[in-house]
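Chemist: what's the 3D shape of this:
(chains A and B)
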Amino acid sequence: MNAPVMSASALARHYEIGAGMFRKPQTLRAVQRVDFSLYAGRTLAVVGESGCGKSTLARMVTMIEEPTAGELTLDGKPVVKSAWPELRTDVQIVFQDPYGSLNPRQRIGTILMEPLVINRPDMSAAERETKAREMIGLVGLRPEHFDRYPHMFSGGQRQRIAIARALMLDPKVLVLDEPVSALDVSIQSAVLNLLVDIQERMNLAYLFISHDLSVVRHVCDDIIVMYLGQAVETGPKEAVFAAPRHPYTKALLSATPRAEPGANKERIKLTGELPSPLANLPGCPFAPRCWKVQELCRAERPSLSGEDHAAACHFPLDDEDHAQT
Amino acid sequence: MTDATAPDETARPGRLREFWFYFRENRGAVFGLWIFVGFVICAALGPWLAPYDPTEQFREFALLPPAWQEGGDWAFPLGTDPLGRDMLSRLIEGARYSFFVGVIVVTVAASGGILIGMVAGFAPQWLDSVIMRIMDVILAFPSLLLALVLVAILGPSLTNAMIAIAIVLQPHYVRLTRASVLAEKQKDYVTSARVAGAGLLRLMFVTVLPNCLAPIIVQGALSFSTAILDAAALGFLGMGAQPPTPEWGTMLAEAREFILRAWWVVTFPGLAILITVLAINLMGDGLRDALDPKLKRS
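Modeler: Okay, here's the model as predicted:
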């Protein structure tokens, strides 16, 4: 495989909160030590429940927030704050909510051309318009949509516009922050197929953030499962779906509805609450909810281990466990 | 009016036409608009419309009642004031002063207020706090009292009254702009513009400001009438336009002592203020409805 477009090592983002005049600020560890690599033409999915740091990760990758620690490189160049203005055009983002991500006061044409106006000042207005009109066709909208306002579109169409805008600068990496979770199921597949299409055509690297595993199964190549700011399992899609090694992944997978009537499937119900991200537990963060928990789990934090398909668990699941269920 | 860039079959009505289409739906607003247009015409063409010079005194016709009343004369349709000046001419000429006050005050207060509010919304916490506390101090005074104090310092004249009213009205714009900016700043499209590389100025004035305009325009229309009222009040108290300027508030003040003997000298300037203010408020309401893209249908 060729060199990654973007790679991150030990990326972390901490927030200091609750600082008062006489109070010490507490540290909220939104993302801690996450590694990943993105390759052109491939999709990396980040899955996990709400509050596990997926969106914070997206904000760091798109240079909205600065990582507290760790390194991020884009095309071999380090992504530091001083280099943001040049690197920014290579990473674009599509947001979850298509109703909030388009400026309601601008026509679609203006929305699409804005990135060009900002970043390619030498481009003529006619060229910009040609490019914007091409892009409208590429994402499956009609030419007459060019002069309309965002409120005249449905959620799916808006998401197409958001995708078109993200593509205007010919980025190398596209971050998709739950791009279909706000859409109707019938529209979801159309938008997903569009994304897959565009990836093939433009050879993009996708960072696909989602909590919907059936969507992830459809589009991604590799997976990172996050739990409370940490990656608990990483690996190729087939391996992770076929034989999850971390109990949390297994629980997540068991919660995905599948279109197989009669499939004998046992739903793993997790008990207990997600620990507060403010508490820095010595042990495994999943220990309070895990059904295989042992003394070691509460005392020592497991690190990500394994070659291709890695899991952060002291007692990873093996074939025997999968045979039981 | 069609959009020149759009290809033939997709041509859309121009902005002005679209605006008019939505504005027309609000009857009260259209009514207000017509009165406002009349008011503007009076202001613009006052010297040509008015039958007499507003300061010319017809001593033999002092305190003449309106033409339809007994003793009235059609030469002075709305009667004359104690010095024999024609009421109609003075009212028409007064529109000019009121309009002038409204336009200048709203322009100064709104542009200053929007600018300061924008800065407060985007500034770091400490600067935001400093700006907002200063605005709170101004808001803490009763507005007319503060205007009076300012005029007392600057000296009574129409210009100084306008400056005072503009300063008094400014904090409302600051608060309104800052609140809208803070609400809009959270939204994804602002983040999206930032990811696309928009600088701070572009973010402030191209991305965020147009989305904050609807409440500001309504505030602008309403404070247009507040400005006219305040200028009239200052005039009434002798701190605004000075006689013999035919400013409506000043006219009221001059005619105060005749209120029981000659009802028309106080009623007509009062009615002029009332109708103008009401019309502008109605229009402001319609303006908001027409300018908000969320209320439009495709």
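Chemist: C-alpha only now, for contacts and for neighbours.
Modeler: OK.
Chemist: do you know how far B:R261 is from B:W68?
Modeler: From B:R261 across to B:W68, the span is 17 Å (Cα to Cα, to the nearest Å).
Chemist: Now find how far off-centre the lengthiest helix in chain B is within its chain.
Modeler: The helix of greatest length in chain B, counted in residues with DSSP state H as the criterion, is given as helix B:87-122. Taking Cα atoms, centre = their mean, to the nearest Å, the mean C-alpha location of helix B:87-122 is offset from the chain mean by 5 Å.
Chemist: what helices or strands is the helix or strand following that helix leaning on?
Modeler: Toward the C-terminus, helix B:87-122 is succeeded by helix B:125-140 as the next helix or strand (DSSP states H and E). Helix B:125-140 is packed against helix B:87-122, helix B:158-185, with contacts defined by 3 or more Cα pairs under 8 Å, 6 or more residues apart in numbering or on different chains; DSSP states H and E.
Chemist: Please name every helix or strand in contact with the helix or strand bottoming out on mean pLDDT in chain B.
Modeler: Considering only helices and strands, the least confidently modelled element of chain B by mean pLDDT, DSSP states H and E is helix B:15-23, at a mean of 78. Helix B:15-23 makes packing contacts with helix B:264-291 when contacts are defined by 3+ Cα pairs under 8 Å, 6+ apart.
Chemist: Now stretch B:60-78: buried residues?
Modeler: For stretch B:60-78, the buried set under the neighbour-count rule, 16 or more other Cα atoms under 10 Å in any protein chain shown, comprises B:61-66, B:72-73, B:76-78.
Chemist: residues making contact with that stretch?
Modeler: Residues outside stretch B:60-78 that contact it (Cα atoms under 8 Å, 6 or more residues apart in numbering or on different chains) are B:79-88, B:262, B:264.
Chemist: With pLDDT as extra columns, can I get these in TSV?
Modeler: Below are these laid out as TSV (pLDDT from 0 to 100):
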residue	pLDDT
B:G79	83
B:T80	85
B:D81	84
B:P82	82
B:L83	84
B:G84	83
B:R85	88
B:D86	88
B:M87	88
B:L88	89
B:A262	84
B:W264	86
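Chemist: Can you report how many residues lie near the residue in the stretch 151-300 of chain A that chain B sits nearest to?
Modeler: Per Cα to the nearest Cα, A:M152 is where the stretch 151-300 of chain A lies closest to chain B, at 5.8 Å. Each residue near A:M152 was counted by other Cα atoms under 10 Å in any protein chain shown, and the total is 16.
Chemist: A:K131 too?
Modeler: Under the neighbour criterion other Cα under 10 Å, A:K131 is assigned a count of 15.
Chemist: Please apply the same query to B:R288.
Modeler: One way to gauge burial is a neighbour count; for B:R288, by other Cα under 10 Å, it gives 20.
Chemist: check contacts around it.
Modeler: Neighbouring residues of B:R288 by Cα under 8 Å, 6+ apart: B:214-215, B:217-218.
Chemist: repeat that with 7 Å
Modeler: When contacts are counted by Cα atoms under 7 Å, 6 or more residues apart in numbering or on different chains, B:R288 touches B:214, B:217-218.
Chemist: Check B:G249 too.
Modeler: Contact criterion Cα under 7 Å, 6+ apart gives B:232-233, B:235-236 as the residues in contact with B:G249.
Chemist: For the residue of the stretch 151-300 of chain A closest to chain B, grab phi and psi.
Modeler: Main-chain torsions, A:M152, degrees, to the nearest 10: phi -90, psi 0.
Chemist: before we move on, back to that, indicate which one of the helices and strands packed on helix B:125-140 is closest to chain A.
Modeler: When these are compared by Cα to the nearest Cα, helix B:158-185 sits nearest chain A, at 9.8 Å.
Chemist: Please compute how far that closest one lies from its chain's middle.
Modeler: Relative to the mean C-alpha coordinate of its chain, helix B:158-185 is positioned 13 Å out (Cα atoms, centre = their mean).
Chemist: For that helix, the averaged confidence score.
Modeler: Helix B:158-185 shows a mean pLDDT of 91.
Chemist: Which other helices and strands does that helix contact?
Modeler: In this structure, helix B:158-185 packs against helix B:87-122, helix B:125-140, helix B:143-154, helix B:209-236, with contacts taken as 3 or more Cα pairs under 7 Å, 6 or more residues apart in numbering or on different chains; DSSP states H and E.
Chemist: Show residues contacting the second one.
Modeler: In this structure, residues lying in contact with helix B:125-140 by Cα under 7 Å, 6+ apart are B:120-121, B:168, B:171.
Chemist: Of those, which is the nearest to A:L194?
Modeler: When those are ranked by distance to A:L194 (Cα to Cα), B:G121 comes first, at 38.2 Å.
Chemist: can you count the residues close to the closest residue to that closest one other than its chain neighbours?
Modeler: Spatial nearest neighbour of B:G121, chain neighbours left out: B:R178 (4.9 Å); criterion: Cα to Cα, 6 or more residues apart in numbering or on different chains. Residues near B:R178, counting by other Cα under 10 Å, number 25.
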